[in-house]
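Peer 1: A structural model of the following input is requested.
(chains A, B, C and D)
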Protein chains: 4
Amino acid sequence: MIPRYSRPDMVAIWEPATKFKIWYEIEAHACDAMADLGVIPRENADAVWKAKDVEFDVARIDEIEAVTKHDVIAFLTHLAEHVGSDEARFVHQGMTSSDVLDTCLNVQLVRAADILLADLDDLLAALKKRALEHKNTVRVGRSHGIHAEPTTMGLTFARFYAEMDRNRDRLRAARAEVATGAISGAVGTFANVDPAVEEHVCAKLGLTPETISTQVIPRDRHAMFFAVLGVIASSIENVAIEIRHMQRTEVLEGAEFFSMGQKGSSAMPHKKNPVLTENLTGLARLVRMSVIPAMENVALWHERDISHSSVERAIGPDTTITLDFALARLTGVIDKMLVFPQNMLDNMNKFPGLVMSQRVLLALTQAGVSREDAYAMVQRNALKVWEERVDFREQLLADDDVVAALGKDAINEKFDMDYHTKHVDTIFARVFGA
Amino acid sequence: MIPRYSRPDMVAIWEPATKFKIWYEIEAHACDAMADLGVIPRENADAVWKAKDVEFDVARIDEIEAVTKHDVIAFLTHLAEHVGSDEARFVHQGMTSSDVLDTCLNVQLVRAADILLADLDDLLAALKKRALEHKNTVRVGRSHGIHAEPTTMGLTFARFYAEMDRNRDRLRAARAEVATGAISGAVGTFANVDPAVEEHVCAKLGLTPETISTQVIPRDRHAMFFAVLGVIASSIENVAIEIRHMQRTEVLEGAEFFSMGQKGSSAMPHKKNPVLTENLTGLARLVRMSVIPAMENVALWHERDISHSSVERAIGPDTTITLDFALARLTGVIDKMLVFPQNMLDNMNKFPGLVMSQRVLLALTQAGVSREDAYAMVQRNALKVWEERVDFREQLLADDDVVAALGKDAINEKFDMDYHTKHVDTIFARVFGA
Amino acid sequence: MIPRYSRPDMVAIWEPATKFKIWYEIEAHACDAMADLGVIPRENADAVWKAKDVEFDVARIDEIEAVTKHDVIAFLTHLAEHVGSDEARFVHQGMTSSDVLDTCLNVQLVRAADILLADLDDLLAALKKRALEHKNTVRVGRSHGIHAEPTTMGLTFARFYAEMDRNRDRLRAARAEVATGAISGAVGTFANVDPAVEEHVCAKLGLTPETISTQVIPRDRHAMFFAVLGVIASSIENVAIEIRHMQRTEVLEGAEFFSMGQKGSSAMPHKKNPVLTENLTGLARLVRMSVIPAMENVALWHERDISHSSVERAIGPDTTITLDFALARLTGVIDKMLVFPQNMLDNMNKFPGLVMSQRVLLALTQAGVSREDAYAMVQRNALKVWEERVDFREQLLADDDVVAALGKDAINEKFDMDYHTKHVDTIFARVFGA
Amino acid sequence: MIPRYSRPDMVAIWEPATKFKIWYEIEAHACDAMADLGVIPRENADAVWKAKDVEFDVARIDEIEAVTKHDVIAFLTHLAEHVGSDEARFVHQGMTSSDVLDTCLNVQLVRAADILLADLDDLLAALKKRALEHKNTVRVGRSHGIHAEPTTMGLTFARFYAEMDRNRDRLRAARAEVATGAISGAVGTFANVDPAVEEHVCAKLGLTPETISTQVIPRDRHAMFFAVLGVIASSIENVAIEIRHMQRTEVLEGAEFFSMGQKGSSAMPHKKNPVLTENLTGLARLVRMSVIPAMENVALWHERDISHSSVERAIGPDTTITLDFALARLTGVIDKMLVFPQNMLDNMNKFPGLVMSQRVLLALTQAGVSREDAYAMVQRNALKVWEERVDFREQLLADDDVVAALGKDAINEKFDMDYHTKHVDTIFARVFGA
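Peer 2: Numbers count the residues shown, from 1 in each chain, chains lettered A, B, ... in the order given. Next up, the predicted model:
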């Protein structure tokens, strides 16, 4: 966790105090279920709830752990200090530490997913707003970084929206993947704890009982979870790189927000760096790097080994915190980013009209000109535009062969921008609904 | 693609002939749609279907490509050789190469997914069969590679079943991710091709029109697809490692199939190597290695750059072919694997009865013995078992303090295996349905 | 291996015929050493050399392997068909298959490294040529994609040279990592084969005896080897991205080679796509993806398991072939790439003179102007340049406060390009030697 | 950084206070060099050294950064608070923030490498001690987890020693990779700062001047550095997995240290879990996950973009801290690990004498028995051992055909353990020197 790339709500999920609170809830609900089953006395189950509003003392638990060398036992010892050691004697009965640890981890991941889902909602809102705003802001489309045909800035925002919308669906599915709990004992046989306990605890915590567990919840679930975070991060990178390109000095079709008036930066108005989106590019790498270790965690030995644990201690907090920060940062960037429509037009006309050359070529062949002749006609005019930056349309209108083939009206019609934007409504309806 | 790790049906999907066939279908359906729209003459659209049963000549297309330096143009030129160059002159009108290439790639990935889904079905059937067969075959559960408490071999197969069943769901979702097509032109605006063409082609090919494309179909879809393959591979590794452990000389609770009678291997009966599952462990790494490149492919420049293409030329075939082979190999291993129940019992009783020591300890404290005294009682008897391999139950029955605390019946009851298997039915019902 | 991204010399290293030839040499040299030790008769060792010029029949060996299910035995059987089965009966005595397989793999990797080293030499030569050619071609340096201060195109080529030169050193070290052989028997104890055999075979094949092997040569060596290939690939990406940026329509400071005269492309002169460097970007991902599996291969069980083998069957050929192709492709791109010095100047002067604003600001404060006042002076002039694209120097010369602070000469001096290039010689001497 | 997997010396390198101290040294030495060049007054350079023993106030610097939004400016402002704002006015002159940041990062990485090198020395010492101790402790070698031929525990330790020794060489090379500094200005041209400054600062800090930098030191160096850490981590995993296997209940040839007497654990003597080596297996994944992001960092845009920065803020500390902890933990494990020679013999004799069957087979064929007959002879006796666990040697001695072929002495000789250990000295001499 890097403080500057962290936001408090997500950080809070991973704090020891939160963890102990969840452990407490698991144990207390388990006691309730065991009392219902008649396995432990009802009054002992009730007694545990005395600690309902306790803020557990993390330092004290650490102190006990230093002696017991076992985190769950340390917590239970501390819990007994609140509940009374006699009253607490049935807590955790028949359970194994992993029942608590794994169910807790999944509660944390579910909560993290909820924050990330809200982050995605915010990002989607920002993207939609900007898409609608620039629905018809014409801009040249580029393949290979080279001008191709016109498109609109709104379509760019709309495609990022559609991509993030898919990510929302993926994240919902990923949330469901890890929304399971297990209270199944040392090797998952429920030998010492009835399945009803698992059912009760899971219901109370908003989880589904794991279909079949060993000592642990199977790690293919977590692998899938982190893989989805990796895909979302890659989409963030996709948006970030678009903005970084837009802000290049030579392109300058958009920029991360800055205020011209502000002191300092304004002394060098050309030197506004897209540092936020560059940062997002790096953060995407950080999120993505958890994917392979999460997959390597799947193959545990027999009913469990603990190799996954250190990995999760790192990537659990780090990856969700980083992604939360990145999504929020991207939302801010999108929300306020500067768009420069005039520069878009200027760029498109760097070689005036040349962006329409393919359409003219097509028209000539469709008008019956041989492929070879059509090429020659386009080429001689295009090269002049390329070399002398004269206007392509004017060149064509002055070329007798072209005029003979197409007529002046048809030539002019090839430079009609509406031709390229005529289906924007259709696409927007697909992306945002009718 | 490594021939020895390849199966013909999956290989066929990626052969040039298949690709050209799909290209052909895309172009022919597109012509139909354009004829419906009145954009091209109906007879030209009809003429294209003359090539319906043609086996395209890959060598000839390569030959043309060597001149044109463009694969789609080479194909179209060859197509015209079959259809007639005049009849073919409206083929591909208004389309861009990527319309064909990307839609084709997704058709191939969908077909690959279908094979992989069938593979998973076969694997699930094998796992279920073995789970039912060994539902009550008792075996020691192990955490950290160390004996913990009894479980059954059926539960092991059942958890692999549940894991692969999740993988089937994931793969279905992944299939849907890539089951889209796009015929949207040079920058995705449909400037030169009506959206109805895309709709028609997609419907005919079993695809959904991509919500919004640029020159290409967005690559977050493919990143998700390959991530799911990576998760499945990790599950394969999980199963493979279990079997490799079972086959260790010292464990020998199971083995890849071999026939004792067969010459050669039988000269050294102890030297049956789990080479298939070791191989699967390596294949899992190969499948997984495509995940990060697929994610790096997401961030393309503007309306597309071609950096993703070389990556997909490799991982498209290699990853699906390898995973198909791995799933089939694993199915064979599971289907025929040898299980040695007697060795399972022998292993569990390596230190006779010691696997029940935790349960005895619990019983003593529940019977009111102080934690300290209970430890001492268990310890003195357990150590004797550990050091002299005497029987734990007999030791306990001969220990007056233990007998005083629990009684002989209760001691004996702690060694009842049914205690550990009593919920196997419940778990099987969860996994396989009632 | 993707044929279009493959070159014959590297492909040849990985062909079955090559492999069998190396196996043959290992076996034949081993026989010599055993004869020298008196372990086998000299005439049998001599007899093996009868097959020295034989082209082994790969199809025949495959045929035998189909029966024996063992590749090395199949080869030895075929070898006996050439040498005579009686004469060949001591071949491979006391050796294990891995002795042959692992030593062969390392011979192949060493040969691959030699090709890659030659590739790097070619690339370095091309980079040096272009660096010297454009040593003083002024161009704006950019941080964050934003104009910073002037530099030269030669420095760009020179830094790529320095980076690739480091890669050459790394590759030499990586070659040494895998230049070992092992003939040490089933578990590496030399129980059945004298260490002198290993020494002799290694000496003949240009390898060093592995310090200590098990059944296999330790895989940390190969992990290191592939890690270095991954770094080289990342450097290729670094160069490729620079060129892709240079070729953007708006930047156009350089381009992959094309000839204006050539038909086809010249009809749309603006549409020259940097497809080779985009392709290199993708190929870099492919090379890099072998790094993690190669590292996962290090941890083998005890004296070996075979999980590494399938991984190496794929990444051995694929990674070296792809990198060889990529290096050669990059060399071609560098060698012939078009550089447009006038566009470099035009870009630098997009906001005329503004690139010098920082230097002017510094000069003002050094001249004793307060930081605040200096900012104000630069700001008011810079904004005019930014908004109206007037000339910054002229603005400053017309600003009484600035002139009062610096004097006209000093103002003019701040726009002297030599100021920025004065250490180019120093840097070139560092990179290329005095 | 996870506190429980961190050691203070490595953590200290990455603390803000350390960073500011290094920044200070860079700036102070740079001032000296500039004074030597006559670029700034000597007294100003001297004044900076007044802060030599200052503990910089991190909270104060953070406070300033909250206003200036720039870390280096915040530090310089704070420095001026110590040195005097007039005296400090030439500090950082002509330099760019990256000059300080990148040179500092490399100082930190070099210091981290030094700690890691010391860690490796400790690990090597422990491995050597245990290798010598168990040089002749016989143990069965295993391929595929299956008994193969005898080896010794000393050879196992020795091969880990050799592997870690290679890692030491690699780490030394990696240290040299990052032991460079750069003070070259905004785009690396030394326009505003003389190369002599860079030379002086580097000499003082134990670095080499970077051959050619842009705004940043090239990131192929750091990619290589982290790749080497990834290889070392993979070797740690290799050792860890060996120990985990040794500690399996069924194998029990070795174990992480525990004291039988200690309360708690001794109640269940069979339940000693190899949690340290399992933890190391996970930590290896964490170290390895930095490799790909470090490689993705290489391709920066033009003279730099800042995408690498967030990655390095994470992996710089996390990876070095984790690896330091892992190496130290492994050293402790090796140093104190329990080795159970009797269990090694018992395991080897699980099927008494069967481990020698291959040698007997070889002897029979060398004695002139046909391959087929030899197989039959070994098979009938081996199967009895396999099924009834009788002694293989005794079976052979009672088999007339075998005795006829080999004689009793030769049969007995095949079971001589010295045959397998006769080259242990040779191998030890290779690994540890004569």
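Peer 1: Buried residues, stretch A:218-234. List them.
Peer 2: Going by neighbour count (16 or more other CB atoms under 10 Å in any protein chain shown), the buried part of stretch A:218-234 is A:218-234. No exception for glycine: its C-beta is placed from N, CA and C like everyone else's.
Peer 1: ditto for stretch A:120-132
Peer 2: A:120, A:122-124, A:126-128, A:130-131.
Peer 1: Return the residues of the stretch 51-200 of chain A in contact with chain C.
Peer 2: Residues of the stretch 51-200 of chain A lying close to chain C by CB under 8 Å from any CB of the partner chain are A:140, A:142-148.
Peer 1: need the residues you listed in a markdown table with neighbour count and pLDDT, can you?
Peer 2: As requested, these are exported to a markdown table (neighbours: other CB atoms under 10 Å in any protein chain shown; pLDDT from 0 to 100):
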| residue | neighbour count | pLDDT |
| --- | --- | --- |
| A:140 | 24 | 97 |
| A:142 | 25 | 97 |
| A:143 | 25 | 96 |
| A:144 | 26 | 97 |
| A:145 | 23 | 96 |
| A:146 | 23 | 95 |
| A:147 | 25 | 95 |
| A:148 | 27 | 94 |
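Peer 1: picking that back up, so of the buried residues of stretch A:120-132, which ones are in helices?
Peer 2: Counting by DSSP state H, the buried residues of stretch A:120-132 place A:120, A:122-124, A:126-128, A:130-131 in helices.
Peer 1: Closest one of those to residue C:410?
Peer 2: Of all these, residue C:410 sits closest to residue A:130, with 46.0 Å by CB to CB.
Peer 1: Report the separation between the closest residue to that closest one other than its chain neighbours and residue A:241.
Peer 2: Excluding the flanking residues, the one nearest residue A:130 by CB to CB, 6 or more residues apart in numbering or on different chains is residue A:157, at 4.6 Å. According to CB to CB, to the nearest Å, residue A:157 and residue A:241 sit 15 Å apart.
Peer 1: And for residue A:339?
Peer 2: In terms of CB to CB, residue A:339 sits 17 Å off from residue A:241.
Peer 1: These two: which has the busier surroundings?
Peer 2: Per other CB atoms under 10 Å in any protein chain shown, whichever of residue A:339 and residue A:241 has more neighbours is residue A:241, with 23 against 18.
Peer 1: now the more buried one: how far from residue C:310?
Peer 2: Using CB to CB, residue A:241 is found at 35 Å from residue C:310.
Peer 1: which secondary structure elements does the helix or strand hosting residue A:158 contact?
Peer 2: Take DSSP states H and E as the rule and residue A:158 turns out to sit in helix A:153-178. Judged by 3 or more CB pairs under 8 Å, 6 or more residues apart in numbering or on different chains; DSSP states H and E, helix A:153-178 is in contact with helix A:97-133, strand A:138-143, helix A:220-247, helix A:424-432, helix B:153-178, helix B:220-247.
Peer 1: try it again with 10 Å
Peer 2: In terms of contacts (3 or more CB pairs under 10 Å, 6 or more residues apart in numbering or on different chains; DSSP states H and E), helix A:153-178 is packed against helix A:97-133, strand A:138-143, helix A:220-247, helix A:307-336, strand A:338-339, helix A:424-432, helix B:153-178, helix B:220-247.
Peer 1: how long is stretch A:282-294 end to end?
Peer 2: 20 Å (CA to CA, to the nearest Å).
Peer 1: for stretch A:89-103, same thing?
Peer 2: End-to-end for stretch A:89-103, by CA to CA: 22 Å.
Peer 1: is chain B contacted by that stretch?
Peer 2: Yes. Judged by CB under 10 Å from any CB of the partner chain, stretch A:89-103 comes into contact with chain B at A:89-90, A:93-94, A:96, A:98.
Peer 1: swap in stretch A:334-354?
Peer 2: No. Stretch A:334-354 stays clear of chain B (CB under 10 Å from any CB), getting no nearer than 11.7 Å.
Peer 1: so for that stretch, what's the average pLDDT?
Peer 2: Average pLDDT, stretch A:334-354: 96.
Peer 1: Now do the buried residues in it.
Peer 2: A:334, A:337-341, A:343-345, A:347-354.
Peer 1: Next, the distance between the ends of that stretch.
Peer 2: End-to-end distance (CA to CA), stretch A:334-354: 31 Å.
Peer 1: Which helix or strand contains residue A:216?
Peer 2: Judged by DSSP H and E, residue A:216 forms part of no helix or strand.
Peer 1: ok, and the closest non-adjacent residue to it?
Peer 2: residue A:304 (4.5 Å).
Peer 1: before we move on, what about residue A:358?
Peer 2: Nearest residue to residue A:358, sequence neighbours excluded (CB to CB, 6+ apart): residue C:268, at 6.2 Å.
Peer 1: so where's chain A uncertain?
Peer 2: Where chain A drops to pLDDT under 70, the residues are A:259-267.
Peer 1: tell me the domain ranges of it?
Peer 2: A:1-93, A:96-345, A:354-414 (automatic domain parsing).
Peer 1: out of the ones you listed, deepest packed?
Peer 2: domain A:96-345 (a mean of 23; mean count of other CB atoms under 10 Å in any protein chain shown).
Peer 1: List the residues that contact the spatially most central residue of chain A.
Peer 2: Centroid-nearest residue in chain A: residue A:232, 3.4 Å away (criterion: CA atoms, centre = their mean). Neighbouring residues of residue A:232 by CB atoms under 10 Å, 6 or more residues apart in numbering or on different chains: A:116, A:119-120, A:123, A:163-164, A:166-168, A:170-171, A:174, A:284, A:287-288, A:323, A:326-327, B:220, B:223-224, B:298.
Peer 1: follow-up on the earlier one: switch the helices and strands packed on helix A:153-178 over to CSV; also include distance to residue A:210.
Peer 2: Output for these, formatted as CSV (distance: least, CB to CB, whole Å):
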stretch, distance to residue A:210
helix A:97-133, 8
strand A:138-143, 47
helix A:220-247, 9
helix A:307-336, 15
strand A:338-339, 49
helix A:424-432, 37
helix B:153-178, 9
helix B:220-247, 15
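Peer 1: State the distance from residue A:1 to residue A:327.
Peer 2: If you go by CB to CB, the gap between residue A:1 and residue A:327 works out to 16 Å.
Peer 1: Now do the host helix or strand of residue A:395: which elements does it pack against?
Peer 2: Using DSSP H and E, residue A:395 sits within helix A:392-397. Identification of packing neighbours for helix A:392-397 by 3+ CB pairs under 10 Å, 6+ apart yields helix A:357-366, helix A:371-388, helix A:400-406, helix A:408-413.
Peer 1: again, only this time at 6 Å
Peer 2: In this structure, helix A:392-397 makes packing contacts with helix A:371-388, helix A:408-413, judged by 3 or more CB pairs under 6 Å, 6 or more residues apart in numbering or on different chains; DSSP states H and E.
Peer 1: I'd like to know which of those is closest to residue C:11.
Peer 2: In terms of CB to CB, the element of the helices and strands packed on helix A:392-397 nearest to residue C:11 is helix A:371-388, at 37.8 Å.
Peer 1: Can you name every helix or strand that that closest one contacts?
Peer 2: Going by 3+ CB pairs under 6 Å, 6+ apart, helix A:371-388 lies up against helix A:357-366, helix A:392-397.
Peer 1: Tell me the residue of the stretch 51-200 of chain A that sits nearest chain C?
Peer 2: The minimum distance from the stretch 51-200 of chain A to chain C, using CB to the nearest CB, falls at residue A:144 (3.7 Å).
Peer 1: which residues does that residue contact?
Peer 2: Residue A:144 is in contact with B:305, C:273-274, counting by CB atoms under 6 Å, 6 or more residues apart in numbering or on different chains.
Peer 1: Take the residues you listed and lay them out in TSV including secondary structure.
Peer 2: Listed next are those as TSV, based on DSSP: H, G, I helix; E, B strand; the rest coil:
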residue	secondary structure
B:305	coil
C:273	coil
C:274	coil
